[in-house]
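1. The following comprises the amino acid sequence and a computationally predicted model.
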Amino acid sequence: MENTNTVNCQPFPGMTCSNRFQVRWWIGILAALVIIGLYFYRLMSTLHPNDLNNTITSYSDTVTDQTLINWLIASCGGILITGTMAIVFFFKMRDRTVELVAYKRNLETEILARRRAEEKYRSIFQNTGAATILIEADMTLSMVNENASQLLGYTREEIEGKMKTGDFIKGENFKIVREYHVARRMGEGNVPVEYEAQLIDKNGEVKDIFFRVGMIPDSQTSVASLINITEKKRMESQLRQAQKMQAIGTLAGGIAHDFNNILAGIIGYAELAIQDVEDPEKTLERLNRILSTSARAKELTRQILTFSRQTEQKLETVPLNAILEETLNLIRATAPATIRVDKKIPATTASILADPGQIHQVIMNLCTNAVHAMGGEVGVLTAKLESVELDSKAAMRIDGLSPGRYARLTIGDTGHGMTRAIRERIFDPFFTTKKNDHGTGMGLSVAHGIVKRLHGAITVKSELGSGSTFQVYFPIAENPPAMPALSKAAIPTGSEKILLIDDEETIVDVAGQMLRGLGYSVITETGSRHALWTFLKDPLAFDLVISDQTMPGMTGTEMFQKIRSVHPAQPFILSTGFSETETRESVLAMGIRELIMKPYLKDELAAVVRKVLDLPSELPVILNKG
């Protein structure tokens, strides 16, 4: 039988209910709390600790806001308060959970998108055609692609985050690259985006590299593309040399004409000297004329050899006015008599930093082009040299030059001029309007390339029927070294014993008489092998050996090697009229004391001999360059 006893109802004060009702009521409440608690536990377990703290704080605020309601409900029993709190918290947590789930999904989507973008750009970075690197503010290479790894010779693991730009780029190249690197991060606007520099790979190979560098926005990281132009530079060098030979070929007739004029003077004065040998005054005058005329031939030969020599580009301080004078003298000797050369060259002018042979080539190409433009007609070749200051606006109008001081060379002609279509292609390789026997169209292209590498520019103004004017801008060298003052000193003499070797009997005879006149004891030889035998008979007999380079049977350098194997400290001078391989620097590096170029004057020979003999008599000493 059901218990119907009534008592005060605990959940609802003031009401009566049976004991059985109270038990069922409590069981229902507990069941509800268990369900809510399990859900709450499950919900709490999914929250991050930081979100859990925020949630508890939010719950506490909720409870505080409901103080009045909870006070009212408290009269209905403590358990109802707990239930109310749980229910309120449940709905709060449900809303918060929905927000967190949505946030989590958005975050996952964003992370996935960023990961895909990173993979995309990394793939582009790794598979781009050029070697590409990322450079940090401290010049560390933070990332390199496979092409860059192959170019540098190291693995990516060896490079990334461990190696710096200075590990690959050395000397003056590194100073320039570092200057650009710092200026780029300081926001300077005139930093070159493209430039050339040399780097050294893991195997020690020097490579010519074209750099293109830019900054990654909102960072201190720069991205650089590297293109290996070593082979291109080698081909350009060969092209320049081929063009030199072509230019020499074009001038060959004029050069021969000039030499014949010089020889005519020498032969004529020699005959007159013999004719009037009994008149000492006339004989001396004519001998001096022979000497001065021969000096013209020597200078003409030197200019041709300077122009045609195949050497690596070596930048040095170059007096532009002197080179222009030399080149115009050569042009004047080879140009038709109908063409007048009008020059305006200051006695002193600012120097430029360049390779002298290449500057000869630029001027020669421009002048030769001007002569061809006038053909065999009456005309004027104008050459003018001046210093100019270009501000930013003027510089930008001239092929994007940088502001500063420039030496401006102007070469003009009174030929037929050019159309606009020809002007636009005038510097293109192999473009020419000349006949087949007047050139290959490489002269102006080569000149343009040389000037651009020196950070200069060439402009051309021409109208059909009114001639052409080329202007070349060379950056002026700042603070060039002062040239030593020349002084006329007494010709040095001596009494040492010298072995003189040359296969040309005339040279042996003349040089031998010069040296004997200076007081030296001289043994002369015209055969290389017999000369070596003479030396080996008594290796300590000679204070100095002077040998020609090009001789049948044995070269001068081969002679030196054999002599040095017997007498390592033997002073040795190498003499040559022309050599494609031997330079002063190369022979000094071998241990040879000095190089003297033929033909030489008596005072030149005397000075070189005395300088070598006065060196310490130890192992071969390499003289300072000068």
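-> Perfect, I can see it now.

2. For the rest of this, base every contact and every neighbour count on C-alpha atoms.
-> Fine.

3. same for the biggest strand by length in the chain, what does it pack against?
-> Secondary structure of the chain per DSSP state E: the longest strand is strand 379-390. Packing partners of strand 379-390 (3 or more CA pairs under 8 Å, 6 or more residues apart in numbering; DSSP states H and E): strand 339-344, helix 356-374, strand 404-413.

4. rerun that using 7 Å as the cut-off
-> Under the contact criterion of 3 or more CA pairs under 7 Å, 6 or more residues apart in numbering; DSSP states H and E, strand 379-390 touches strand 339-344, strand 404-413.

5. what angle separates it from helix 356-374?
-> 130 degrees (axes from the mean of the first three to the mean of the last three CA atoms, to 10 degrees).

6. Can I get strand 379-390 as PDB, trimmed to CA atoms?
-> Below are the C-alpha coordinates for strand 379-390, written out as PDB (Å, rounded to 0.1, in the frame of the first residue of the first chain):
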ATOM      1  CA  GLY A 379      85.100  66.500 -94.500                       C
ATOM      2  CA  VAL A 380      86.000  67.400 -90.900                       C
ATOM      3  CA  LEU A 381      86.400  65.000 -88.000                       C
ATOM      4  CA  THR A 382      85.800  66.900 -84.800                       C
ATOM      5  CA  ALA A 383      87.200  65.700 -81.400                       C
ATOM      6  CA  LYS A 384      86.500  67.600 -78.200                       C
ATOM      7  CA  LEU A 385      87.200  66.700 -74.600                       C
ATOM      8  CA  GLU A 386      85.700  68.500 -71.600                       C
ATOM      9  CA  SER A 387      84.600  68.000 -68.000                       C
ATOM     10  CA  VAL A 388      80.900  68.400 -67.100                       C
ATOM     11  CA  GLU A 389      78.800  68.300 -64.000                       C
ATOM     12  CA  LEU A 390      75.500  66.500 -64.300                       C
END
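
7. Spell out which strands sit alongside it in the sheet and which way each one runs.
-> With DSSP bridges as the test, strand 379-390 is paired with strand 339-344 (parallel), strand 404-413 (antiparallel).

8. For residue 236, see how far away residue 230 is.
-> 10 Å (CA to CA, to the nearest Å).

9. er, residue 163 I mean
-> Remark: distance between residue 163 and residue 236 (CA to CA) = 32 Å.

10. what's the answer for residue 393, then?
-> 32 Å.

11. Among the two, which residue is more densely surrounded?
-> residue 236 (15 against 12; other CA atoms under 10 Å).

12. sorry, back to before: Serialize the strands paired with strand 379-390 to JSON lines and add fields for mean neighbour count, mean pLDDT and distance to residue 365.
-> Below are those laid out as JSON lines (neighbours: other CA atoms under 10 Å; pLDDT from 0 to 100; distance: least, CA to CA, whole Å):
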{"stretch": "strand 339-344", "mean neighbour count": "15", "mean pLDDT": "90", "distance to residue 365": "15"}
{"stretch": "strand 404-413", "mean neighbour count": "21", "mean pLDDT": "92", "distance to residue 365": "11"}
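
13. Adding distance to residue 372, write those out as CSV.
-> Output for the strands paired with strand 379-390, formatted as CSV (distance: least, CA to CA, whole Å):
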stretch, distance to residue 372
strand 339-344, 11
strand 404-413, 10
